[in-house]
Every structure is written in C-alpha cells, then in structure tokens.
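# Okay, here's the prediction I keep looking at, along with the sequence it came from:
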Amino acid sequence: MAKPDRLIYLALGGAGEIGMNAYLYGYGPAGSERFILVDLGVTFPTMENAPGVDLIMADIAWIQARADRLDGIFITHAHEDHVGALGLLHARLKAPVYARRFTAAIAQNKMERAGQDPSLVRQAAVWPQRVQAGPFSVGFVPVAHSIPECSSLLIETPAGRILHTADFKTDVDPVVGEAFDAELFRSVGDLGIRAMTCDSTNVFSPQPGRSESGLGGPLQELIASAEGMVVATTFASNVARLKTLAEAGRAAGREVIVLGRAMNTMLKTARTAEVLKSFPPTLDPLDAESVPRHRLLVLATGSQGERR
Ligand SMILES: [Zn+2]
C-alpha cells in the first residue's frame, strides 16, 4: 500500500535558542518527502562557552544526505543568525536560494565571499506573489524587524498553510523598512492557517517594544551631554538605528564617521536596494584628525555587535 503523504517540520537549529536558524519543512510520503529550508544562519560563540571558535553553524548532515530532495532555501532576513552560514554551507546543499531584494544582495555577498556562485540567489517579490518549490508555494509577507525587508513566510502545502513568522517587531513606524501591518496579517490569517511557527527573539517579553521613531530625541540628548568623542555600536544591519544615531549626532552638532566593513557594506547595500532613502552626510575617517574630539560621533561595530 502506498504510504500517505505527511507534512513534517524539523528545526536543525534556532528553535528555542538565539542563533544558527535553519528550519526544514517536508511534504510527501514518509521517506521520500520533498523539502524546503528556511534560513541558514550562524551563532557567535562567546569566550566563555567556546574560546578560539569563530562561528557555530547548524549540523546539516541530515538534509545534505537528502539534498536531491531539497527544492529551495528561503531566507527571511539578512541577520547573520539567518543568512550567515549560506556561503559556507551552500555547496553541500546546492538548492536555489530565494530572498527579497536587500536580503538577496547580502546573501549574494555571502556566496561571493565564500567562492560560491551568487547567481544561485534569486530575488523574490513580496506577497501575494509566490515562489513555487516542489509541493510548497511560498510567499514573502513583509514584517517590521530591526533590519530592512524582513519577511514572514506563508508556506502553502497540500496539507494546509503554515505561517513561519521569522523575527518580527510590531513597530508601526520603524524609520527604515516596512511598518508592521496588522491588516495584512489579518488578511493572511483569514485564508486559514494550519500552523504558526514563531520563535522571534524576546517573544515572551510581556512588555511592548518601543518604536524606533521614539529614540531620536533621547539619543540626541545623550550625545549632546557627552563631553568627549562618542562611539556608538549596534548590529551593523540595524540600518534604521544607524540612521537614528547619525541624525541624532548631526542634530547634536557632531560629524559622523562610519567605521568597519560590515557597517559600510550594510549601508551601501541598503542604499542600492532602495530601502534606505536618506542618510546624513558622513566624514571620511581619514579627515577625522581635523575635527575636535567632542565634535565627533563614531559608528563602529562587529557585524552583530559582538566583541570581536
Ligand atoms: Zn533577526
């Protein structure tokens, strides 16, 4: 007798932990399901738990052994814990990669830097457009987060719809990127959702998150009250926060310097992908000597604000 089709979910990493997100969805008869992979990220080790280790990634051996049944890799957003392992692991999986414009540009950069073919990353349009991958039809539903162009995925399968939320923030004025749109999610919900997979950072916090748009004033006051040079650090990919900081710095009478590869790459990509429409003028680091220290704001970072 033919085996019945089944829908399966397997978290290779990321569920119940921060970092190395990698989620498999499968559909088909047991043992011959077709798969999609959602995200392929890294975890940054700490000096306490893994001294000398640069990056930690999910163990993909299980899906590597079934790579001929992997129909696509979908990247929800460009945080390192969602896309950081793509370049390093893609050669073992080979499936086409789908992401929206800004995320795709970051993903292509990851592929290139790892010596992989960046054209395997394809740009996807937003919901209600869908990408067909085996038995799955996947829509990118825009959602606010601390990086531009984050998307929840609406995954349609013959066994029903799954809403994979990805990280999200219900910010209706995020400064850069799309606002949280309750109506959009209501309309998606009205279609009927079989299961929602949700593992956003701080999702169990009972407090509402503050909107990015409310931070400019307090940051300007803080920068203006500082006596010497101010150095601010954050996730390089938090383009909205960089903009908020730079604007606050300018309003406080300071020149703004952007230091570090990750931060410069993110700002350049955000401009190219047209998610960042404006950014205050910045000063070339080589010209910083001519400016008194109390007139400087330096934006400096590791790519996820890590210590090294
Ligand atoms: Zn994230």
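Structure's in. What do you need?
# burial measure for the residue in the stretch 201-308 of the chain positioned nearest to the ion, as a count.
Going by CB to the ion, the ion is nearest to residue 201 of the stretch 201-308 of the chain, at 6.6 Å. For every residue, glycine as well, the C-beta is placed using N, CA and C. By other CB atoms under 10 Å, 15 other residues sit near residue 201.
# In contact with it, which residues are there?
18, 167 (CB atoms under 8 Å, 6 or more residues apart in numbering).
# Can you tell me how far it is from residue 18?
Look at residue 201 and residue 18: by CB to CB, to the nearest Å, they are 6 Å apart.
# what's the answer for residue 158, then?
Distance of residue 158 to residue 18, computed by CB to CB: 33 Å.
# quick one, which of these two is more surrounded?
In this comparison of residue 158 against residue 18, neighbours counted by other CB under 10 Å, the higher total goes to residue 18 at 14 against 11.
# I'd guessed that one sits against residue 82; true?
No - Residue 18 lies out of contact with residue 82 (CB atoms under 8 Å); the separation is 11.1 Å.
# The residue of the stretch 201-308 of the chain closest to the ion is in what secondary structure piece?
Counting by DSSP states H and E, no helix or strand carries residue 201.
# how about it, phi and psi?
phi -50, psi 140 (degrees, to the nearest 10).
# Same question for residue 296.
When quoted as degrees, to the nearest 10, the phi and psi of residue 296 stand at phi -120, psi 140.
# Can you spell out the domain ranges of the chain, please?
Following automatic domain parsing, one finds the domains of the chain at 5-197, 215-300.
# So which of the ones you listed is the most surrounded?
Each of those was assessed for mean neighbour count using mean count of other CB atoms under 10 Å. The highest is domain 5-197, with a mean of 19.
# what about that one, start to end distance?
21 Å (CA to CA, to the nearest Å).
# now swap in stretch 230-240 and tell me
Chord length of stretch 230-240, first to last residue, is 19 Å (CA to CA).
# do stretch 164-180 as well
End-to-end distance for stretch 164-180: 16 Å, by CA to CA.
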